[in-house]
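Novice: could you work out the structure for the sequence below:
(one chain, ligands or ions: 1)
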Amino acid sequence: MSRDDRRSLVAALRPAQQLAFGRGEYVEQESFVRASEALALAARAGIAPGVSVLDLCCGVAGPGRFLTRKLGCVYLGVDSSESAVAVAAERARGLRCRFEVADVPPLPSGTFEVVLLLETLLAFRDKAALLEEVARALHAGGRFAFTLEEGLPLTEAERARMPAADTVWLTPLDQLHALLERAGLSVGWEEDWSESHGEVAAALVDAYAADSTEIAARIGQRRLDDLLAAHELWRDWLATGRARKFALVAERLP
Ligand SMILES: C[S@@+](CC[C@H](N)C(=O)[O-])C[C@H]1O[C@@H](n2cnc3c(N)ncnc32)[C@H](O)[C@@H]1O
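Specialist: Residues are numbered from 1 along each chain as shown. Purely as a prediction, here's the structure:
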């Protein structure tokens, strides 16, 4: 996708996303995380003025730019998409934000006080390799703050219904805890965000459907159909408990 296409995608979805998230909660996130939830997670992770933050899979870095503006952290965002990083960088002018285009793992060199990963752990089939790299990238006492798409692996029938199913790898909570422990990361805080994210998913389905003519004209019918299909599945899975969403902060043990 070119930079222009990425800008156009963000602009096409904005009215529906603003409506779905509600006042003050939309910050160009490509996820179900409300702005207030990003702030709450950041507070739990100790993100504050001058704290170094590595944001993995930042996308156009809506949450990252929002946290940097609000909290004054020193921010590095990484994403494999050149167009997402280009849009993130142009919108972050004047903020203490840097960006890299990279496929993770491995993570950028150096160590950080906080590693952030919002709404993308599910894209990593091999979570152990990623978590080892996260632990390596943290100072002792550093925090890994992230959201988890929790549940048993998708069945073949579920995979067939989910667009881009090769980026959807759910993990049961106890398995994730074991992987964190093995990587030397100790969970200090955990909260179930399923209800909130189920509400956001449902509101997004309604808002995209209401705005479908406009959106399809800008991004194409096929992409809109995939977007709606994925959001409908998440809405239903979160409502029934087939999948759950958690926010966690885990500390790097010395
Ligand atoms: C759902 S978006 C989340 C963006 C952002 N964290 C947010 O909450 O708004 C997922 C992003 O992860 C990126 N991504 C997926 N797998 C990746 C990988 N292995 N390395 C780097 N970026 C990746 C995609 O390019 C995409 O921009």
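Novice: in the stretch 151-254 of the chain, what residue is nearest the ligand?
Specialist: Closest residue of the stretch 151-254 of the chain to the ligand, Cβ to the nearest ligand atom: Thr167 (6.7 Å). Placement of C-beta: from N, CA and C, glycine included.
Novice: isn't that residue up against Ala123?
Specialist: Yes - using Cβ atoms under 8 Å, Thr167 is in contact with Ala123, at 4.4 Å.
Novice: follow-up on the earlier one: list the contacts for the residue of the stretch 151-254 of the chain closest to the ligand?
Specialist: 122-123 (Cβ atoms under 8 Å, 6 or more residues apart in numbering).
Novice: gap between it and Leu118?
Specialist: As judged by Cβ to Cβ, to the nearest Å, Thr167 and Leu118 stand 15 Å apart.
Novice: what is the neighbour count of the nearest residue to Asp236 once chain neighbours are set aside?
Specialist: Nearest residue to Asp236 in three dimensions, chain neighbours excluded: Arg242, at 7.3 Å (Cβ to Cβ, 6 or more residues apart in numbering). For Arg242, the count of nearby residues is 15 (other Cβ atoms under 10 Å).
Novice: what's the neighbour count on Arg3?
Specialist: 15.
Novice: and the pLDDT for it?
Specialist: Per-residue pLDDT puts Arg3 at 90.
Novice: so which strand or helix has the nearest residue to it once chain neighbours are set aside?
Specialist: In this structure, Arg3 finds its nearest non-sequential neighbour in Ala86, 4.5 Å apart by Cβ to Cβ, 6+ apart. For Ala86, the element it lies in under DSSP states H and E is helix 82-91.
Novice: so what does that helix touch, helix or strand wise?
Specialist: helix 3-21, helix 62-71, strand 74-79, strand 97-101 (3 or more Cβ pairs under 8 Å, 6 or more residues apart in numbering; DSSP states H and E).
Novice: switch to 6 Å and redo it
Specialist: Contacting helix 82-91 under the criterion 3 or more Cβ pairs under 6 Å, 6 or more residues apart in numbering; DSSP states H and E are the following elements: helix 3-21, strand 97-101.
Novice: contacts for the longest one?
Specialist: Applying Cβ atoms under 6 Å, 6 or more residues apart in numbering, the contact partners of helix 3-21 are 26, 83, 86-87, 203-204, 207-208, 211, 215, 218-219.
Novice: so where do the strands sit in the chain?
Specialist: Using DSSP state E, the strands found in the chain span residues 52-56, 74-79, 97-101, 112-117, 138-150, 185-192, 244-252.
Novice: what does this protein put close to the ligand?
Specialist: Within the chain, the residues that sit near the ligand (Cβ under 6 Å from any ligand atom) are 29-31, 33, 57-59, 62-63, 79-81, 84, 103-104, 118-120, 123.
Novice: what residues are up against the residue in the stretch 101-250 of the chain positioned nearest to the ligand?
Specialist: Taking Cβ to the nearest ligand atom as the measure, the stretch 101-250 of the chain has Leu118 as its residue closest to the ligand, at 3.6 Å. Shown in contact with Leu118 (Cβ under 6 Å, 6+ apart): 31, 33, 63, 147.
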